[in-house]
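Trainee: Predicted model and sequence follow; I will ask about them next.
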Amino acid sequence: MSPFFVMSLLFGLTFGQTASLCAPSEYTIHVEKRECAYCLAINTTICAGFCMTRDSNGKKLLLKSALSQNVCTYKEMLYQTALIPGCPHHTIPYYSYPVAVSCKCGKCNTDYSDCVHEKVRTNYCTKPQKLCNM
């Protein structure tokens, strides 16, 4: 194999996957409040995709900073607010949620991201559903 081919292959594997597979993705959030009559289905975007990670088998030889695993997370985001229908007057009927504008591979920031995926939780409505397209 030519050295140019090998270098191109290594460059593509190193930088190509991380740049192209972490991107905003469509997602539906189901929101309901106990006091309100309806569940609101909100279409938004979240960051999802593949980021290159490092093999931690060499952890005795590497610095801790070299062992951190990158996740697909927000680079830029904005918040939008939706009105939950069917709420009584004494209840605050608003729900604010993040919208991914752009994404990056990096460390998970617990200030605005849920860094642990809980399999027990499900994203569904228990009340009649209303759709919110923002």
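Mentor: Nice, I can see it.

Trainee: Got the phi and psi for residue 83?
Mentor: Dihedral pair for residue 83: phi -100, psi 120, per degrees, to the nearest 10.

Trainee: Can you show me the helices along the chain?
Mentor: 3-11, 17-20 (DSSP state H).

Trainee: mean pLDDT lowest for which of those helices?
Mentor: Within the helices of the chain, confidence is poorest for helix 17-20, with a mean of 46 (mean pLDDT).

Trainee: Flag the shaky bits of this protein, pLDDT-wise.
Mentor: Confidence mapping of the chain against pLDDT under 70 gives the ranges 1-20, 54-68, 112-122, 131-134.

Trainee: can we see that at 80?
Mentor: Along the chain, segments meeting pLDDT under 80 span 1-20, 52-69, 108-134.

Trainee: wait, isn't residue 80 in contact with residue 97?
Mentor: Yes. Between residue 80 and residue 97 a contact is recorded at 6.3 Å, counting by CB atoms under 8 Å. For the C-beta atoms, the positions are set from N, CA and C on the backbone; glycine is no exception.

Trainee: Dihedrals phi and psi, the nearest residue in space to residue 105 that is not next to it in sequence?
Mentor: Once flanking residues are discounted, residue 105 sits nearest to residue 51: 3.6 Å by CB to CB, 6 or more residues apart in numbering. Dihedral angles of residue 51 (phi, psi; degrees, to the nearest 10) stand at phi -130, psi 140.

Trainee: Roughly how far does residue 51 sit from residue 72?
Mentor: The gap separating residue 51 from residue 72 is 5 Å, by CB to CB, to the nearest Å.

Trainee: Mind checking which of these two has more residues around it?
Mentor: With neighbours defined as other CB atoms under 10 Å, residue 51 and residue 72 compare such that residue 72 has more, 23 against 19.

Trainee: Skipping its backbone neighbours, what lies nearest the more buried one in space?
Mentor: Using CB to CB, 6+ apart and skipping residues adjacent in sequence, the residue nearest residue 72 is residue 22, 3.8 Å away.
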